[in-house]
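J.: fold the following, please.
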Amino acid sequence: MQASESLVNAVQNLGQLDLDNKIVKEKLKQAVFLLVKDIQIFQEYDDYKNEFSISPTHQLSYESSLLDIANSLTKILQSEHSSQVVITLKDYLSEQLYNNNSYRYEAVFNIIWHCAENMNYPDFSKAWHN
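T.: Residues are numbered from 1 along each chain as shown. Below you'll find the predicted structure:
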């Protein structure tokens, strides 16, 4: 979880830089897709699954981490990346994922909702049905 927290902190700092700078734009694009990848593969610690070490605080930290990643992503997401983010994450809004991992579902839902609010309908629809 440490790597995700570091990435979230770095992204928040990156979002405060000059977005007209080509290097900043490229790093922002890389950060967007690293966060998307993190949402896709983020896992709970294995010891959480051990029946002797189940702790509610760990569960909250897992949920909080996923939502922090989603929140960071929506803060830096540029309109030119929104379509690709929707295309990449839309399949994570299934009933099966909701039943198996509602935290990831909620994080993805928040990201896609942000995209829907900030894209025009034809572009969002095209990305959704792509």
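J.: can you tell me the element L19 falls in?
T.: Using DSSP states H and E, L19 sits within no helix or strand.
J.: count of neighbours near the nearest residue to it once chain neighbours are set aside?
T.: Distances taken as C-beta to C-beta, 6 or more residues apart in numbering place K25 nearest to L19, at 6.5 Å, with adjacent residues excluded. Where you see a C-beta, it was placed from the backbone N, CA and C, and this is true even at glycine. Around K25 there are 15 other residues, counting by other C-beta atoms under 10 Å.
J.: quick check: K25 vs L66, distance?
T.: 26 Å (C-beta to C-beta, to the nearest Å).
J.: contact partners of the host helix or strand of F124?
T.: Assigned by DSSP H and E, F124 belongs to helix 121-129. With contact meaning C-beta atoms under 8 Å, 6 or more residues apart in numbering, helix 121-129 is reached by S82, S83, Q84, V86, I87, K90, C115, A116, M119.
J.: give me the phi and psi for the first one.
T.: So that's S82. Backbone geometry at S82, expressed as degrees, to the nearest 10, gives phi -60, psi -40.
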